[in-house]
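Asker: Provided below are the primary sequence and the corresponding predicted coordinates.
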Amino acid sequence: MTAPDERRPATERAVAPPPRSGPASSATARPAAAGRKAAGIPAGLGREQLLELHYYMRLTRSLEERLVNLYRQGKVIGGLFRSLGQEADSVGSAYALDRAAGDMLSPLIRNLGSLLVMGARPVDVLRQYMAKATSPTRGRELNVHFGDLERGFIGQISHLGDMVPVMAGITLTFRLRGERRVGMVYVGDGAMSTGAFHEGMNLAAVRRLPLVVIAENNGYSYSTTLERQTAVSQLVLKAKAYGVPGERVDGNDVLAVYEAARRAVDRARAGEGVTLLELVTYRRKGHAEHDDQHYVPKEELARWERNDPIARYVQRVTESGWLEAGDLEAVDARVAAELDAAVHESEMEPLPEPATALDGVYVTPARQATPWHREVARA
Ligand SMILES: Cc1ncc(C[n+]2csc(CCOP(=O)(O)OP(=O)(O)O)c2C)c(N)n1
Ligand SMILES: [Mg+2]
């Protein structure tokens, strides 16, 4: 455990949230025009896209809240990994990819929002967490450890940097085939201190592969603070070591994340190679639900609660007159209704039959009564 006095003040580490503006005056507030671009929206986005960003962030948070309820009822098998406070990071970055162009990403356990943006269905995420026979991995794997090549995401094999070399390989394939597709890979602050990260990053950089590396600086690797596992104060400084451009972004500002990710995706697609984006955010829950965060200073948590990405977004889009509060409430109601249906559907479904437990894991084994042991003839 880290004593509070060993910690670098969070203000030094974090990108400070922008100052809150007062309520928009009637002179500056513009009614948002349905179906077309409202003036002044950044990043070339339109009203529909602003609503979508809200939808995906709300869906991520609400789906995780439903999962917490199921976890407490003992219905979730294994761990539950929250991304509370990191929704803008996942949603804003994945939103910059072009699914129609065949872009692909590789998520971590805290990138539920990225999966939803790529088209993963909440009912499948619920099935995965409850290890249902109907889940994408038919109950063989848990949580967000599943892939869907059609929708453009691959299954995570490890949280600890190993997806960087895998995505380097995938984007090398795009290059060799002459495809104008882009890859995105997420890596945690802790995982950036592994050998796998270094090797993957180096290969991607030297081959100028079409890859965007999202470094999620959420302050912790399990209970280890950033300053206890790396000597750099900013993860973006590591970009220099690989000879690639880097950018440090306020990870709780979904529009800032989207804009930076979009620049990086465009660079990658234009053949200009890898970009490292450091998203400064915060893990507001423990590593997983079973972790009570006893090592986290209370005032640090309180500070980041006041920097909530969804609350900030709602305030920004309404005060700017881009969206009305009613528009956002309608999205929230849609999310609640969709999740009611998905939870109901997935809860009713069966767990896998025990006799089928080994089917489809490697090869389908010959059916035996107890395939996990064999009789040895005794002399
Ligand atoms: C080789 C290995 N060591 C340890 C673990 C356990 N583990 C999983 S995630 C994690 C911390 C990762 O921290 P970070 O990269 O900052 O990602 P975050 O959890 O903050 O999203 C650890 C220690 C593991 N899965 N594999
Ligand atoms: Mg971390």
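Answerer: In hand now; what should we look at? Numbers count the residues shown, from 1 in each chain. Ligands and ions are numbered 1, 2, ... in the order given.

Asker: what is the subsequent helix or strand relative to the top helix by length along the chain?
Answerer: Counting residues, the longest helix found in the chain (DSSP state H) is helix 47-72. As assigned by DSSP states H and E, the chain's next helix or strand after helix 47-72 is helix 87-94.

Asker: and that next one, C-alpha only, in PDB?
Answerer: Taking Å, rounded to 0.1, in the frame of the first residue of the first chain, the C-alpha atoms of helix 87-94 are listed here in PDB:
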ATOM      1  CA  GLU A  87     -16.500   6.100 -20.300                       C
ATOM      2  CA  ALA A  88     -15.300   9.200 -22.300                       C
ATOM      3  CA  ASP A  89     -11.900   7.500 -22.900                       C
ATOM      4  CA  SER A  90     -13.400   4.300 -24.400                       C
ATOM      5  CA  VAL A  91     -16.300   5.900 -26.300                       C
ATOM      6  CA  GLY A  92     -14.500   8.900 -27.600                       C
ATOM      7  CA  SER A  93     -11.500   6.900 -28.900                       C
ATOM      8  CA  ALA A  94     -13.500   4.100 -30.600                       C
END
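
Asker: can you give me how far the helix or strand following it is from the chain middle?
Answerer: Downstream of helix 87-94, the first helix or strand assigned by DSSP H and E is strand 104-106. How far strand 104-106 lies from its chain's middle: 11 Å, per C-alpha atoms, centre = their mean, to the nearest Å.

Asker: residues in contact with whichever helix or strand comes after strand 104-106?
Answerer: Tracing the chain C-terminally past strand 104-106 and defining elements by DSSP H and E, one meets helix 112-117 next. Helix 112-117 is contacted by residues 56-57, 59-60, 63-64, 83, 86-87, 89-91, 93-95, 97, 105, 107, 122, 125, 144, 153, 184, 186 when judged by C-beta atoms under 8 Å, 6 or more residues apart in numbering. Yep, even glycine has a C-beta here, placed from its N, CA and C like the rest.

Asker: just the closest residue of the stretch 201-350 of the chain to ligand 2, please.
Answerer: Asn218 (4.3 Å; C-beta to the ion).

Asker: now that residue: how far from Gln86?
Answerer: Remark: distance between Asn218 and Gln86 (C-beta to C-beta, to the nearest Å) = 6 Å.

Asker: which neighbours do those two share?
Answerer: 110, 251, 281-283.

Asker: mind pulling up the pLDDT for the closest residue to Ser93 other than its chain neighbours?
Answerer: Distances taken as C-beta to C-beta, 6 or more residues apart in numbering place Ala261 nearest to Ser93, at 4.4 Å, with adjacent residues excluded. At Ala261, the pLDDT value in this model is 98.

Asker: which stretch of helix or strand covers Ala261?
Answerer: helix 254-269.

Asker: may I see the buried residues of that helix?
Answerer: For helix 254-269, burial by neighbour count (16 or more other C-beta atoms under 10 Å) applies to 254-265, 267-269.

Asker: by neighbour count, which of the shared contacts of Asn218 and Gln86 wins?
Answerer: Gly251 (32 neighbours; other C-beta atoms under 10 Å).

Asker: that one against Gly85, yeah?
Answerer: No: between Gly251 and Gly85 there is no contact under C-beta atoms under 8 Å: 9.3 Å.

Asker: I'd guess Arg283 is in a strand, am I close?
Answerer: No: applying DSSP: H, G, I helix; E, B strand; the rest coil, one finds Arg283 to be coil, outside a strand.

Asker: against ligand 1, how distant is it?
Answerer: 5 Å (C-beta to the nearest ligand atom, to the nearest Å).

Asker: which residues of the stretch 101-250 of the chain lie near ligand 1?
Answerer: For the stretch 101-250 of the chain, the contact set with ligand 1 under C-beta under 6 Å from any ligand atom comprises 108, 110, 158-160, 188-191, 216, 218, 220-222.

Asker: where do the helices sit along the stretch 101-250 of the chain?
Answerer: Listed in chain order, the helices of the stretch 101-250 of the chain (DSSP state H, counting those that start in this stretch) span 112-117, 122-129, 163-176, 195-206, 238-242.

Asker: can you report how many residues lie near the residue in the stretch 151-300 of the chain positioned nearest to ligand 1?
Answerer: At 2.1 Å from ligand 1, Gly188 is the closest residue in the stretch 151-300 of the chain, using C-beta to the nearest ligand atom. Number of residues near Gly188 (other C-beta under 10 Å) recorded here: 25.

Asker: quick check: it touching Thr224?
Answerer: No: contact criterion C-beta under 8 Å: Gly188 and Thr224 do not qualify, at 10.9 Å.

Asker: how near is the residue nearest the centre of the chain to ligand 2?
Answerer: What sits nearest the mean C-alpha location of the chain, by C-alpha atoms, centre = their mean, is Asn111, with 1.9 Å. Using C-beta to the ion, to the nearest Å, Asn111 is found at 12 Å from ligand 2.

Asker: equivalent analysis for Glu64, please.
Answerer: If you measure Glu64 against ligand 2 using C-beta to the ion, the figure is 17 Å.
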